[in-house]
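Participant: here you go, sequence then predicted model.
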Amino acid sequence: MRGQPVTFYEREKIELFMRGKWSHRKIARSLHSDHTVIDREVRRNSDKDGVYRSASAQKKVDVRVHKEHRRKLEED
């Protein structure tokens, strides 16, 4: 079962805490979330230089969410 998606506000908080050198577990406790959600968010949406930025992370998520998904049964 899926949980709630990370909001832009939470992404901004993650960026702020990452700049403050907080651990992923400490960030997760602050946001009342599981540490694996933070790990996954940072890993998926960091820039190529390895820095997490909330604005670029949100753009990546928006592209991923609005991408057209083709289903195999609809191709015929």
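Facilitator: Ah, there it is.
Participant: quick one: contacts for Thr7?
Facilitator: The contact partners of Thr7, taken as C-beta atoms under 8 Å, 6 or more residues apart in numbering, number zero. C-beta coordinates here come from the backbone N, C-alpha and C atoms, glycine included.
Participant: what pLDDT does it get?
Facilitator: In this model, Thr7 is scored at 94, pLDDT.
Participant: okay, it and Val65: tell me how far apart.
Facilitator: Distance, Thr7 to Val65, by C-beta to C-beta, to the nearest Å: 13 Å.
Participant: what packs against the helix or strand hosting Ala28?
Facilitator: Ala28 belongs to helix 24-31 when assigned by DSSP states H and E. Judged by 3 or more C-beta pairs under 8 Å, 6 or more residues apart in numbering; DSSP states H and E, the packing partners of helix 24-31 are helix 8-19, helix 35-45.
Participant: with distance to Arg29 and mean neighbour count added, can I get the ones you listed in JSON lines?
Facilitator: As requested, those are arranged in JSON lines below (distance: least, C-beta to C-beta, whole Å; neighbours: other C-beta atoms under 10 Å):
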{"stretch": "helix 8-19", "distance to Arg29": "10", "mean neighbour count": "17"}
{"stretch": "helix 35-45", "distance to Arg29": "8", "mean neighbour count": "16"}
